[in-house]
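> When you get a sec, could you give me coordinates for this:
(chains A, B and C)
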Amino acid sequence: MSRVRALFAALLFLLGLRRAVAERRRVVPRGRPSPRAEAVVLALLGLATLCSAGFVAVYALDRIPRQTQFLGLTLGLALAFLAAACVVVARRVLPDEEVAHDYPPPAHEREREEVVRIVEESKDAFTRRRLLGLAAGGAGAALGAALITPVVSLGPFLDTDRLRASPWSRGRRLVGEDGRPLRAGDIGFKEFYTAYPEGADREQVAAPVVVVRLPPSALRLPDGRTGWAPHGILAYSKVCTHAGCAIALYRAPLYEPREPKPALVCPCHYSTFDPAAGGTVLFGPAGRPLPQLPLLIDGAGHLRAAGGFSGPVGPSWWGVRMK
Amino acid sequence: MIRGAVRYLDEHAGAAPFLRKALRYVFPDHWSFLLGEIAMYAFLVLVATGVYLAFFFDPSTAHTVYHGSYAPLRGQEMSRAYASVVDLSLDRKAGLLIRQTHHWAADVFVVAIVLHLLRIFFTGAFRKPRELTYYVGLVMLMLALLEGFLGYSLVDDLLSGMGLAIAYAVALSLPLVGANLALLLWGAPFPGDPAFWSRMYIAHVLVLPILIGTLLALHIALIVARHHTQFREPGRSERRTVGIPAFPGYAPRSIGLAFAVAAVLVLLGGLVQINPVWLWGPYHVAQGTNGAQPDWYLGWLIGGLRLVPGWDFAIGDYTVVPNAFWGGAAFPLVVFAILFAWPSLERRVTGDRAVHNLLDRPRDAPWRTAIGAALFSWVALVFLFGAADRVYATFGVSYVVLVWVFRVLVWVVPAVVLVVTRRTCLALQELERLEHAKQAAKLTASESA
Amino acid sequence: MRFALTALAALVAALPAGAQVREGYDLYGKHCATCHSVAGRAPSLQGAGARAADFYLRTGYMPLVSPDDQPWRTRVRFSEGQLRALVAYVASLGGPPIPRPHPERGSVAQGRALFDENCAGCHQAVAVGGMMPGARVPSLARSTPVEIAEAVRIGPYVMPRFSRKRLSDAQLDSLIRYVMSTQSPHDPGGWSIGHLGPIPEGMVAWLIGGAALIAASLAIGRRRGS
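Have a look, this model is predicted:
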């Protein structure tokens, strides 16, 4: 009887040994089970499911107020609960594992040598190495240039004179935002108008001008601009010479002795131009004065351009003439 | 079931050895190593939401008249691009949520990249053998800035249209080639050929995402090839890395972070309004709004453009360097040039050509930390100045005064930061040395006792 | 009691306009004359009209502490009776009356278009205000339709003015209707963060988005030495 018992005990011992050996052969260590953390994960997953369902429900409801907010809340919370579930799994359910690993070798000397030799030995087949190399390089460069050439069709790459194009010329009538011609008699002090060349495309840099009126005695226009401002009515390009934004601000003092003097200001970087002095820069980063458009008043009392701008319109570019 | 899947992959793709290595790849577990992943997951959100938006957006500058639900725009002429965005935002269920999530994702994407870059820089992770990874990362940052700018410029609203005009001016301002380049890109003088919109669109939805995605894959491949760096701690060395295995430990952490990133972005997308283009109105060459700003990651450029004094460098009557070049092109080029050159600069000056798998603490490299902090403060000050107009508008501090104050601060503060940071690093090192000496003295005292 | 009060009110209203003007003249002497009766300090109020007086007084733009200051919306320190008296006095010097706009007759779409063409450059697309070198530009969040009509026709401080030829009464009605709508803009996207655009958006991206994700990283990863 004791022999059977001894055999049985031995068998059990061997089985235990097998399990112990199997345990040591584990790749991922067995962590301490934490059913509480799992319960938390389950709850979080449940909440995530509810929120996702909530999203679909909110979407299905027509025209509820603040729908975007409820959609964002439901979906966002669903994602947040899922995130939380993952983190709880990572930090509380899975075992804390720290694994060590060697950094890969910084160099593979043997393979490097072999690669170099493979390339070098292949070169032995060629007798005129340098010539062939140059020819291949030349052919490759030529092909590259050929392949790049159609890019030039993207735009008038070489025709930079197009930057000087302007729809304004002598006799062109000024029209307001509503398309009606501007009457000189309508333009009062402290007012500003945006005007366009009659019949031209408004959405180009050289089209819009800003029209203001100052007392003729206050004008100090540069030489050569006599007569450009009939009755003190002035027209300047509405596009800033710094970076091309619309000059949408007009500083127009009600009481000159105590208030900042008249100025045209750009809202982008606050370049400030003096309309009384031919558009010179008073403040800000603009490096070039605002181009002025000479005006004349025709027989019907309408404003017309008396010529082209005093200088190139819009932001400066290399080689543009400063005036 | 798992056994079956693994067998299939191994038989058909020889994948078992790769999977074995991949599953137990060692990740560092410090929280700062997650910053790059935040950027990656933000990118994934961008792609997913972006695809959805592309199903609705009409990249056309053709005119249309608005007939949607928003009264202030009804009967107004606008481009089809702008109209399609207003329609998606106001008249499509979940359209606004996905559009806002997309835009918040773009903003947060760059936040994460900057935080990640700061961690890389101030711990010296860019050192040999990881310079290539670093360069790839910097290129991705530049592409991200461009991609974001193109994304919000496609909408053709008043705010972004003003930004496009400025971009055109900066392109024009490049010496020698500026005018040619601008005409080439835009197809015509500003506002450009209608084809310009197609170009922006294809760049934004196809070319740049593919570029960024490819570089991201390369970036990750390089990281894995050389393995992550790690902080100097017991058990870790230049030869041996310690951390969490990819599976099962790291995977739920990373997936959890992915969900967290998506959660934050969707919550922002639903709860905080961003870029309400129906309020700004469509873009017109002759219109502008006060307070126009680029998205935050280009704020350093508007600060630069506003801060530079008004010179156009000219020879006689000819403009050689227009003003917009300095703040809009030279400034960012200088900053990126310094960032690109840094690893080789540091190598040359310190003579350190060794392989580094262990990270520095900022205090361990006083010059690097000080110069990095100074460069950061330089950019930060220019960036802050970009908001000076709102400071004047809200608090009444004169803008003209602020211009002059910042023109001085922008040079003085980085110099001060340089000196103070270096001194602080050295002081912290000294403190540690004293601590260690004290500990060592205590130890020898207790041993001899 | 109610009858007595009504009778009293009727009596006051029936007081000859002269009494009101005289009261206004007294107040003018106390609060306004130090600048407005001195050449070079402030403009003369001859011809300014009830329109200007009503605007500057009801917004609290006037009285101004120093003639070089920019007028800005402040708490009105006059009572309603005093305000009427002052306006009556200035009106007696000649000039345009208080306008009576009808924004409900206007079109909000036309108003928005006019606002973007003429006003957004200073006041910002949804009238939150802004700046130019030398002057702040106020938000219109607290403006009443009458104030808007008055400001548009006067052009206070450095604001340009818009005459009836420039902007008809009908157009002004539409403009006012739009401005009033900007006092509660359409914000289906959620928290509007001031309608200021990318500056507060960037702050949210860093201080809410960035902070939340750093917090998530701290929760997921570990800190040095832990």
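> The residue in the stretch 151-300 of chain A that chain B sits nearest to and residue B:248, how far apart?
Closest to chain B within the stretch 151-300 of chain A is residue A:287: 2.7 Å, counting by Cβ to the nearest Cβ. C-beta here means a position set from N, CA and C on the backbone, and glycine is covered the same way. Relative to residue B:248, residue A:287 is positioned 63 Å away (criterion: Cβ to Cβ, to the nearest Å).
> more neighbours, those two?
residue A:287 (25 against 17; other Cβ atoms under 10 Å in any protein chain shown).
> On the pLDDT front, check the more buried one for me.
Per-residue confidence at residue A:287 stands at 91 (pLDDT).
> Give me the number of neighbouring residues for residue A:87.
Each residue near residue A:87 was counted by other Cβ under 10 Å, and the total is 22.
> One more: residue B:276?
Residues contacting residue B:276 under the criterion other Cβ under 10 Å number 25.
> quick one, what contacts it?
B:89, C:185-187, C:189, C:192, C:195 (Cβ atoms under 8 Å, 6 or more residues apart in numbering or on different chains).
> The residue nearest to residue B:10 when sequence neighbours are not counted and residue C:109, how far apart?
Counting by Cβ to Cβ, 6 or more residues apart in numbering or on different chains, the nearest residue to residue B:10 once its immediate chain neighbours are dropped is residue B:16, at 4.0 Å. Taking Cβ to Cβ as the measure, residue B:16 and residue C:109 are separated by 66 Å.
> Would you state the helices of chain A in chain order?
Assigned by DSSP state H, the helices in chain A fall at A:2-24, A:35-60, A:67-88, A:109-123, A:129-148.
> Mean pLDDT for those - can I get that in a markdown table?
Formatted as a markdown table, the entries for those read as follows, by pLDDT from 0 to 100:
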| stretch | mean pLDDT |
| --- | --- |
| helix A:2-24 | 69 |
| helix A:35-60 | 96 |
| helix A:67-88 | 97 |
| helix A:109-123 | 93 |
| helix A:129-148 | 95 |
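> Ok, which of these comes nearest chain B?
Nearest to chain B, of all the helices of chain A, is helix A:67-88, at 1.0 Å by Cβ to the nearest Cβ.
> quick one: buried residues of stretch A:31-41?
Residues of stretch A:31-41 classed as buried by neighbour count (16 or more other Cβ atoms under 10 Å in any protein chain shown): A:40-41.
> Can I get it in CSV, CA atoms only?
What follows is stretch A:31-41 as a C-alpha-only set of coordinates in CSV (Å, rounded to 0.1, in the frame of the first residue of the first chain):
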residue,chain,number,x,y,z
GLY,A,31,0.9,39.3,-12.7
ARG,A,32,-1.3,39.6,-9.7
PRO,A,33,-4.9,39.3,-10.9
SER,A,34,-6.9,42.4,-10.0
PRO,A,35,-10.6,41.8,-10.4
ARG,A,36,-11.4,45.2,-9.0
ALA,A,37,-9.4,46.9,-11.8
GLU,A,38,-11.2,44.7,-14.3
ALA,A,39,-14.5,45.8,-12.9
VAL,A,40,-13.4,49.4,-13.4
VAL,A,41,-12.4,48.6,-17.0
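> Of all residues in chain C, which one is nearest the centre?
In chain C, the C-alpha closest to the average C-alpha coordinate belongs to residue C:143, at a distance of 4.2 Å (Cα atoms, centre = their mean).
> ok, residue A:52 - how many residues close by?
17.
> Need the nearest residue in space to it, chain neighbours excluded.
residue A:78 (4.4 Å).
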